[in-house]
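Trainee: take this sequence and fold it.
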Amino acid sequence: MKIFSLLLFFFSLSSFSMDVYSARPVGNCVESMSAFSKAPTRNSYEIGYGENSLSKQFENYQEFRSQMLAFRPSIENYLKEQEALGRRKKVTFSEVTEFYFERHEKFIKHVESALGISEEIDHYLLKLINGISMPARKYLAYEKLQENPKLMKRRFNFNDPRQGSFIDSLGINVYKGEIGEFDVAMRMNQIVGHSFQVKHDYVDNEYLSNLKKIIEEAFKSAKKKVSSYSNRALTTKYPHVFKFDHRQTRKEFFEQTYDFIINKEFDLIRFVDGQYQILEVKNLKSPLRTNDLFKGSKKKTPLDQSLEDLEILDFLGIQDRVQFSLVLMRGVTKDALEILSEKKISVITDVVIEQEAK
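Mentor: Okay, the predicted model is just below:
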């Protein structure tokens, strides 16, 4: 396998700008969110395929999407296929790595095949490629591994230190997130930006430039409004935004919070009927369950991330101009949706499961 066939392309991506493409003009929302500007969204809306979305510029976006998902180098799915063939215990480390690199190249070539439809779609396609591309050193590391036939011929085992560390280093977990954001950007109307961070300037995008200004000015006003609150009181009121440290001065306390807000990355931004909407996109393995909302680990749950965004908007006092929605690509169970609704978290999804899997 010629594993260096994409290296030149990857090097060319190093000069790819991650600034958001200048957004196209947007009109009135034609989706089910027409009431968005009148009241905070609390219900579940479909992702769907918006009539004015970028997906409509493809000859057949659903077919392109289906093939894209099929080319995703899922080692888990590969092992399931091998198990169905009765050879799971015979799969070697060499077979798994060869599968991953070959499928990875097919995925990128498939995405590349859509380049040229429009400059805006190209921007999102290149962002997807840039997001999942492996640096040249990973290819070199793979070449090095092949010099150890004893290791490569071993039965594949995630728990083997050398095998597991190499597989983890490939960034296999970024695929779902990058694909999810790309898919939503293609399918929903009025997407005006992605990977938005207040710390960046958006001179070519009036929507994001204005949103940046709204947040920066709101922070100054909010800081004055909470002047009577102690640091500990603010941490109690906004636990996902403020972090209390008794060694900090008041100035350091707010500087830390400001840095947190301006560095936070928001997945996608919509502009609907004069209001902004922040979208947090989750492309999970299965529908979101109540268990997924309260998992005790260092990693933030979808609930943690949603509350974080809501607390930022509440602290800044801009809920009437900027709203938040959690987008669940694989759906959500009815019980989990009720919990999210109780927390006043708007959910956008295509699937609501009546009962939780036992």
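Trainee: from here on, just use CA atoms for contacts and neighbour counts.
Mentor: OK.
Trainee: can you pull out the helices in the stretch 101-250 of the chain?
Mentor: Counting by DSSP state H, counting those that start in this stretch, one finds helices in the stretch 101-250 of the chain at the ranges 119-132, 136-145, 149-152, 161-169, 174-187, 206-225, 231-237, 250-263.
Trainee: just those helices: most buried one?
Mentor: When you average the neighbours per residue for each of the helices of the stretch 101-250 of the chain (mean count of other C-alpha atoms under 10 Å), helix 174-187 leads with a mean of 20.
Trainee: what does that helix rub up against?
Mentor: Contact partners of helix 174-187, identified using C-alpha atoms under 8 Å, 6 or more residues apart in numbering, comprise 47-50, 53-55, 65, 72, 124-125, 128, 131-132, 191, 267-268, 281-284, 329.
Trainee: what angle separates it from helix 119-132?
Mentor: 170 degrees (axes from the mean of the first three to the mean of the last three C-alpha atoms, to 10 degrees).
Trainee: pLDDT below threshold where in the chain?
Mentor: 1-45, 296-297, 357-358 (pLDDT under 70).
Trainee: who touches stretch 333-349?
Mentor: Taking C-alpha under 8 Å, 6+ apart as the rule, stretch 333-349 contacts 41-47, 287-290, 293, 303, 306-307, 310, 324-332, 352-356.
Trainee: same check on stretch 256-267?
Mentor: For stretch 256-267, using C-alpha under 8 Å, 6+ apart, the contacting residues are 181, 194-199, 219, 241-243, 278-281, 312.
Trainee: now a ChimeraX select for only the buried ones of the residues you listed.
Mentor: Per 16 or more other C-alpha atoms under 10 Å, the buried members of the contacts of stretch 256-267 correspond to this ChimeraX selection:
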select :181,194,196,197,198,219,241,242,243,278,279,280,281,312
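Trainee: what about Gly180, distance to Phe71?
Mentor: 15 Å (C-alpha to C-alpha, to the nearest Å).
Trainee: let me fix that, I meant to ask about Asp245.
Mentor: 47 Å.
Trainee: settle it for me: which of these two has more neighbours?
Mentor: Phe71 (19 against 12; other C-alpha atoms under 10 Å).
Trainee: thought the more buried one was touching Arg103?
Mentor: Yes: here Phe71 reaches Arg103: they are 5.9 Å apart, a contact under C-alpha atoms under 8 Å.
Trainee: does Arg270 sit in a helix, a strand or a coil?
Mentor: The three-state assignment at Arg270 reads strand, by DSSP: H, G, I helix; E, B strand; the rest coil.
Trainee: look up the closest residue to it, ignoring the ones flanking it.
Mentor: Spatial nearest neighbour of Arg270, excluding adjacent residues (C-alpha to C-alpha, 6 or more residues apart in numbering): Ile191 at 4.4 Å.
Trainee: columns distance to Glu98 on top of the helices of the stretch 101-250 of the chain, output as a markdown table?
Mentor: Formatted as a markdown table, the helices of the stretch 101-250 of the chain follow (distance: least, C-alpha to C-alpha, whole Å):
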| stretch | distance to Glu98 |
| --- | --- |
| helix 119-132 | 17 |
| helix 136-145 | 9 |
| helix 149-152 | 10 |
| helix 161-169 | 12 |
| helix 174-187 | 18 |
| helix 206-225 | 42 |
| helix 231-237 | 49 |
| helix 250-263 | 38 |
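Trainee: right, so of those, which gets closest to Val272?
Mentor: Proximity to Val272, assessed across these by C-alpha to C-alpha, is greatest for helix 206-225 (11.0 Å).
Trainee: which strands or helices does that closest one pack on?
Mentor: Where contact means 3 or more C-alpha pairs under 8 Å, 6 or more residues apart in numbering; DSSP states H and E, helix 206-225 is packed against strand 191-196, helix 302-316.
Trainee: what about the helix or strand following the last one, distance to the chain center?
Mentor: Next helix or strand after helix 302-316 toward the C-terminus (DSSP states H and E): strand 322-328. For strand 322-328, the distance from its own C-alpha centre to the chain's C-alpha centre is 12 Å (C-alpha atoms, centre = their mean, to the nearest Å).
Trainee: and stretch 248-265, by the same measure?
Mentor: 24 Å.
Trainee: ok, Gly317 - contacts?
Mentor: Contacts of Gly317 by C-alpha under 8 Å, 6+ apart are 218, 222.
Trainee: any idea how far Val327 is from it?
Mentor: From Gly317 to Val327 the distance is 23 Å (C-alpha to C-alpha).
Trainee: cool, Asp304 as well?
Mentor: Taking C-alpha to C-alpha, one finds Asp304 at 14 Å from Val327.
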